[in-house]
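Chemist: prediction below, plus the sequence it came from.
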Amino acid sequence: MFIGIDDTDSRDKYCTTYIGTLLMEQLEKKYKMDIPKLIRMNPMVKYKTRGNGGVSLRVLGKNDGAPLSNRDIEYIKETVINLVEKYSDFECEGTNPGIVFLSEENYNKNKEILNNYYKKVLKDIVDINYTKEILDKVGAEYIIYKKGLGIIGALGSIASNPPFTYELLTYRKKEKWGTKRTIDSNSVVEMDKKTIPYTYNNVDGNKQIIAPNTKCPVLYGIRGTKKETLLEAMNMVNSEEIDKYRIYLTNQGTDIHLRNFKIKDIYANTGVRVYGEVSSNPKNIKNIVLFEIKDHTGTINCIAYEPTKSFRNIIRALKMGDLVAVYGTVRDSPFEINIEKIKIIKLAKQYIKDKKCECGGTLKSKGKGSGYKCNKCKKTIPYNDIKLIEIKRDVIEGFYEVPVSARRHLSKPLLLF
Ligand code: ATP
């Protein structure tokens, strides 16, 4: 039996993963549970609280191996409903919880529909009525509170499939909720050194970034690709007392939100990977760096914002004619790609005119397109015979990403390629 939950928290209160963790604790007493999932969906959804994540659980059967009876199913549903009602911030206008229940039988019968739905919630903005149609089609039950938008992500989480990574989430003692978190940044830096590449996005420079900034019950989260390493990593972090922890299966760090696009097919609020040629030299507009790329179908602007910090220097060093692949999400207004990563495939060669004469003198232009004349030996060189010297570019071909603190949950760090 599958359970999906989403949109229970606000920036001031709670966290949907906390409900998932409490449910795991309670249900594990009677039932064999699969690893819970924390699935991120389209990061372009405007009404998300933080990272547009939905939680789902799967009850595999009773602990004694028996299948679930109708009484079990009723007990499970009641447990879920009670905890969602206890730990949802109903007062927050933007919090619209939703719960989805789906049987194993209906899941197995509808894998293709679910798979397509997962792709859609990752890449498009979905209307709740569309989700309701799919829920009816696959025979799922759902409960909506207020606008009930949470059912969109709740079903998305159930429907998710590989690639996956993991996140170990630790939670604070209740009396600490809302207070400043105590985490020794140095211990996180050490942990990072010892556990990469099996953990990622722990630090930005010397600053730990595993703790959220909101008042939620989460103390910190460590992301990675090996469950055992995550447990070791948790033991390396010095912090205030941990109340509980849980490892979630997640689609974070996978780039699953991106698709290859021809420029003419790009539309707003989706993730793209576009191959093209830089068609305008980068411009600095306040703290933003902007350039255009083209392919045989059209052109589009690409943008690096202030939080991407030194990544903007890479963008500033691009020149017209460079061949690149831009990874990012598309804003609607202005219509442009917000860059998450860039692969510089081939740098265009850049030249300057050689102004040195063989005699040691300096060649001076005789006017636009008219060739050069030496200021010493007075020799003239026709325009077409002026020698060109290749200049060294300020950037090298390679794959570049925004700093950890500016990275989206779904973005695959270069470390994992
Ligand atoms: P939480 O921790 O509560 O899940 P969050 O940052 O994940 O916080 P939500 O508060 O859940 O954000 O808000 C996101 C909302 O967007 C949810 O109601 C979810 O169901 C919905 N949603 C998810 N994916 C899509 C999508 N592709 N199109 C439209 N709505 C979506």
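Modeler: The structure has been received and is ready for your questions.
Chemist: in stretch 368-382, what counts as buried?
Modeler: The neighbour-count check on stretch 368-382 (16 or more other Cβ atoms under 10 Å) flags 372, 373, 374, 381 as buried. Quick note: C-beta positions are derived from backbone N, CA and C, even for glycine.
Chemist: any idea how far apart the tips of it sit?
Modeler: Across its full length, stretch 368-382 reaches 12 Å between end residues, using Cα to Cα, to the nearest Å.
Chemist: return the distance of it from the chain's centre.
Modeler: On the basis of Cα atoms, centre = their mean, to the nearest Å, stretch 368-382 sits 56 Å off its chain's mean C-alpha point.
Chemist: check residue 148 and give its pLDDT.
Modeler: You'll see residue 148 listed with a pLDDT of 95.
Chemist: domain boundaries for this structure, per the record?
Modeler: 2-159, 165-250, 258-348+394-416, 351-388 (automatic domain parsing).
Chemist: who wins for proximity to the ligand among those domains?
Modeler: Closest to the ligand of the domains of the chain, according to Cβ to the nearest ligand atom: domain 2-159, at 3.1 Å.
Chemist: after the one helix or strand residue 291 maps to, next one along is what?
Modeler: When secondary structure is defined by DSSP states H and E, residue 291 falls within strand 288-295. For strand 288-295, the succeeding helix or strand toward the C-terminus, using DSSP H and E, is strand 298-304.
Chemist: what strands flank that next one, and is each parallel or antiparallel?
Modeler: Partner strands and pairing direction for strand 298-304 (DSSP bridges) are strand 288-295 (antiparallel), strand 336-346 (parallel).
Chemist: mind putting these into JSON lines with distance to the ligand, mean neighbour count and mean pLDDT?
Modeler: Output for those, formatted as JSON lines (distance: least, Cβ to the nearest ligand atom, whole Å; neighbours: other Cβ atoms under 10 Å; pLDDT from 0 to 100):
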{"stretch": "strand 288-295", "distance to the ligand": "25", "mean neighbour count": "19", "mean pLDDT": "98"}
{"stretch": "strand 336-346", "distance to the ligand": "17", "mean neighbour count": "20", "mean pLDDT": "98"}
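Chemist: make CSV out of the buried residues of stretch 368-382 and add secondary structure and pLDDT.
Modeler: CSV is the format used below for the buried residues of stretch 368-382 (DSSP: H, G, I helix; E, B strand; the rest coil; pLDDT from 0 to 100):
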residue, secondary structure, pLDDT
372, strand, 92
373, strand, 93
374, strand, 94
381, strand, 92
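Chemist: so what's residue 302 bridging to?
Modeler: Counting by DSSP bridges, residue 302 forms beta bridges with residue 291, residue 337.
Chemist: circling back: out of the buried residues of stretch 368-382, who's nearest residue 361?
Modeler: Of all the buried residues of stretch 368-382, residue 361 sits closest to residue 374, with 4.4 Å by Cβ to Cβ.
Chemist: which parts of the stretch 101-250 of the chain sit against the ligand?
Modeler: Residues of the stretch 101-250 of the chain lying near the ligand by Cβ under 6 Å from any ligand atom: 121, 124, 125, 126, 149, 150, 152, 153, 156.
Chemist: who are the packing partners of the longest helix seen in the chain?
Modeler: For the chain, the longest helix by residue count, based on DSSP state H, is helix 70-86. Judged by 3 or more Cβ pairs under 8 Å, 6 or more residues apart in numbering; DSSP states H and E, helix 70-86 is in contact with strand 2-6, helix 16-28, strand 98-102.
Chemist: right, so of the ones you listed, which gets closest to residue 181?
Modeler: Nearest of the helices and strands packed on helix 70-86 (Cβ to Cβ): helix 16-28, 14.9 Å.
Chemist: the closest one near the ligand anywhere?
Modeler: Yes. Using Cβ under 6 Å from any ligand atom, helix 16-28 reaches the ligand at residue 16.
Chemist: begin at 24 from here
Modeler: Yes, from this point I'll number from 24; that puts the last item at helix 39-51.
Chemist: beyond that helix, next helix or strand please.
Modeler: Trace forward from helix 39-51 with DSSP H and E and the next one is strand 54-56.
Chemist: buried stuff in that next one?
Modeler: The neighbour-count criterion (16+ other Cβ under 10 Å) identifies 54, 56 as the buried residues of strand 54-56.
Chemist: which strands border that strand, and is each parallel or antiparallel?
Modeler: strand 76-85 (antiparallel).
Chemist: next, find the distance separating residue 156 from residue 149.
Modeler: 11 Å (Cβ to Cβ, to the nearest Å).
Chemist: what are the ranges of the strands in the stretch 274-423 of the chain?
Modeler: Assigned by DSSP state E, counting those that start in this stretch, the strands in the stretch 274-423 of the chain fall at 281-283, 294-308, 311-318, 321-327, 346-354, 359-369, 373-376, 386-388, 395-397, 403-404, 411-414, 421-424.
Chemist: tabulate the ones you listed in a markdown table, adding columns for distance to residue 436.
Modeler: Below are the strands of the stretch 274-423 of the chain laid out as a markdown table (distance: least, Cβ to Cβ, whole Å):
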| stretch | distance to residue 436 |
| --- | --- |
| strand 281-283 | 14 |
| strand 294-308 | 16 |
| strand 311-318 | 21 |
| strand 321-327 | 17 |
| strand 346-354 | 12 |
| strand 359-369 | 9 |
| strand 373-376 | 31 |
| strand 386-388 | 49 |
| strand 395-397 | 50 |
| strand 403-404 | 52 |
| strand 411-414 | 32 |
| strand 421-424 | 6 |
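Chemist: quick check: which of these is nearest to residue 164?
Modeler: Nearest to residue 164, of the strands of the stretch 274-423 of the chain and by Cβ to Cβ, is strand 294-308 at 30.9 Å.
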